[in-house]
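Q: Provided below are the primary sequence and the corresponding predicted coordinates.
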Amino acid sequence: MKTILSLSALVAVALLTGVARPASAQTQVVNVYSARHYGALEKVFAEFTRETGIQVRLSSGSSQALLERLRADGKQTPADVFLVIDAGTLQLAAEEGLLQPVRSPVLEAAIPAELRDPQGRWFALTQRMRTIAYNPKRVKPDEVQDYADLANPKWRGRLCLRPATHIYTIALTSYLIANRGERETERIVRGWVANRPQYIDSDSRILETIAAGKCDVAIVNHYYLGNALKRDPNFPVALAWANQRGSGVHVNITGAGVTAGAANRDNAIKLLEWLATRGQDAGDAGMPGGNSEYPANLTQKPPAILERFGTFKADYAAIARYGALQAQSIKLLERARYR
Ligand SMILES: [Fe+2]
């Protein structure tokens with residue numbers, strides 16, 4: 001009886017004072033705010049735990065909602081890693097002091113300079129291209145060579161778009177402003193709106209709508225079509241790489257940084273290093289492979305399904321401006337009555 005009492009007293013003291021248990025008995029963890037929304041496709045975190053013994057605790061939300069949470073948390077954040085699907089959101093978090101600089105020879109060797117923050121506050125883990133999808137029975141490839149082509153009145157009632165509130169639409173608008181200015185971007189966006197688009201808040205559903213013959217052209221992230229083609233090689237939607245005569249297609253990233261208040265800083269860096277190297281696999285267990293994305297680590301091969309999409313030019317220079325242009329893009333979309 002006496003032993004039991006003193007044992008529970010000890011536990012109580014440990015809980016109250018935060019006294020650490022011996023390292024061998026302690027579970028290693030890394031807490032992640034994650035905007036990845038690919039559910040069962042995401043085997044990569046389980047694979048990391050299997051190899052390192054470090055538990056990954058994911059807390060999910062949209063990129064914007066997670067940034068709001070990180071702002072509210074400040075240095076007291078329970079998150080060690082901030083992992084979102086937009087370069088602009090990472091830049092804003094970094095500039096607001098919510099992410100800490102990381103010097104890692106592993107990360108610097110794995111990720112090319114244009115896909116990471118010069119101060120090491122965030123690193124890209126995958127690349128995703130937002131481009132044009134179309135019904136090949138009703139549309140010729142030369143009709144859809146650029147985002148501006150979708151402003152042509154011939155697409156009235158035939159265009160599907162993601163709503164203005166989604167970060168994919170906001171980042172696309174920032175890319176357009178970065179490479180052709182605000183006036184021209186507004187002209188393009190007003191042209192889309194004049195075509196009375198169907199607004200659908202899911203790229204997968206947009207592709208299904210094209211396949212069902214209920215819309216002919218759309219703008220989507222390439223991997224949704226890659227995943228659809230993995231399930232059905234005859235899925236009746238085609239992809240056009242936009243802006244190949246200009247600066248290249250709009251590229252965004254999945255990327256991550258270590259939070260300023262990270263309690264498990266070493267594990268956070270281990271996770272980032274692992275995701276940028278072992279986790280880059282083109283197979284189902286990799287972050288790019290599991291979701292048909294392009295690896296951020298250019299020594300890795302893209303998933304086989306993407307061979308169908310051929311080679312293309314992407315606008316890497318614009319990425320650095322998404323954060324600074326985010327607020328301007330939201331205003332432009334509102335002004336143009338993009339819903
Ligand atoms: Fe997505």
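A: Thanks, I have it. Numbering: from 1, shown residues only.
Q: Name the residues of stretch 115-127 that come out as buried.
A: 115-117, 120-127 (16 or more other C-beta atoms under 10 Å). Using the backbone N, CA and C atoms, a C-beta is placed for each residue, glycine as well.
Q: Out of those, the closest to Val220 would be?
A: Set against Val220, the nearest of those by C-beta to C-beta is Gln127 (15.1 Å).
Q: Would you double-check that the closest one falls in a strand?
A: Yes - using DSSP: H, G, I helix; E, B strand; the rest coil, the assignment for Gln127 is a strand.
Q: Excluding covalently adjacent residues, which one is nearest to it?
A: Distance criterion C-beta to C-beta, 6 or more residues apart in numbering; nearest residue to Gln127, sequence neighbours excluded, is Tyr294 at 4.1 Å.
Q: my guess is the one you found contacts Leu125, does it?
A: No - if you go by C-beta atoms under 8 Å, Tyr294 and Leu125 don't touch, sitting 10.8 Å apart.
Q: quick one: low-confidence parts of this structure?
A: 1-25, 40-41 (pLDDT under 70).
Q: again, only this time at 50
A: Counting by pLDDT under 50, the chain contains low-confidence ranges at 1-24.
Q: Give me the most central residue, it.
A: When C-alpha atoms, centre = their mean is applied to the chain, the residue found nearest the centroid is Ile85 (1.9 Å).
Q: What residues does it make contact with?
A: Ile85 is in contact with 35-37, 63, 128, 167, 252-254, counting by C-beta atoms under 8 Å, 6 or more residues apart in numbering.
Q: Restricted to strands, list those residues.
A: Those of the contacts of Ile85 mapping onto strands are 128, 252-254, per DSSP state E.
Q: what about the helices in the stretch 51-200 of the chain?
A: 63-73, 87-95, 105-110, 167-194 (DSSP state H, counting those that start in this stretch).
Q: Mind putting the ones you listed into a markdown table with distance to Gln328 and mean neighbour count?
A: Converted to a markdown table, the helices of the stretch 51-200 of the chain look like this (distance: least, C-beta to C-beta, whole Å; neighbours: other C-beta atoms under 10 Å):
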| stretch | distance to Gln328 | mean neighbour count |
| --- | --- | --- |
| helix 63-73 | 16 | 18 |
| helix 87-95 | 11 | 24 |
| helix 105-110 | 30 | 16 |
| helix 167-194 | 6 | 20 |
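Q: Need those helices in JSON lines (columns: distance to Ser202).
A: Formatted as JSON lines, the helices of the stretch 51-200 of the chain follow (distance: least, C-beta to C-beta, whole Å):
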{"stretch": "helix 63-73", "distance to Ser202": "16"}
{"stretch": "helix 87-95", "distance to Ser202": "20"}
{"stretch": "helix 105-110", "distance to Ser202": "32"}
{"stretch": "helix 167-194", "distance to Ser202": "11"}
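Q: just to revisit the earlier point, got a quick PyMOL command for the buried subset of the ones in strands among the contacts of Ile85?
A: Buried residues among these (16+ other C-beta under 10 Å), as a PyMOL selection:
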select buried, resi 128+252+253+254
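Q: and which of the ones in strands among the contacts of Ile85 is nearest to Ile54?
A: Of the ones in strands among the contacts of Ile85, the one sitting nearest to Ile54 (C-beta to C-beta) turns out to be Thr254, at 19.7 Å.
Q: Can you tell me the closest non-neighbouring residue to the closest one?
A: Thr126 (4.4 Å).
Q: So what sits opposite that neighbour in the bridge?
A: Thr126 forms beta bridges with Thr254, Pro295, as assigned by DSSP bridges.
Q: Any figure for the gap between it and Cys215?
A: Counting by C-beta to C-beta, to the nearest Å, the gap from Thr126 to Cys215 is 27 Å.
Q: now do Leu98
A: Note on Leu98: its distance to Cys215, by C-beta to C-beta, is 39 Å.
Q: Could you do Glu42 as well?
A: Counting by C-beta to C-beta, the gap from Glu42 to Cys215 is 29 Å.
Q: ok, now Ala79?
A: Taking C-beta to C-beta as the measure, Ala79 falls 38 Å from Cys215.
Q: With Asp203 instead?
A: With distances taken as C-beta to C-beta, Asp203 is found 13 Å from Cys215.
Q: got it, and Asp142?
A: 19 Å.
Q: Can you pick out the residue with more neighbours from the two?
A: Cys215 (24 against 8; other C-beta atoms under 10 Å).
Q: How about the contacts made by that one?
A: Cys215 touches 135, 158-160, 198, 206, 209, counting by C-beta under 8 Å, 6+ apart.
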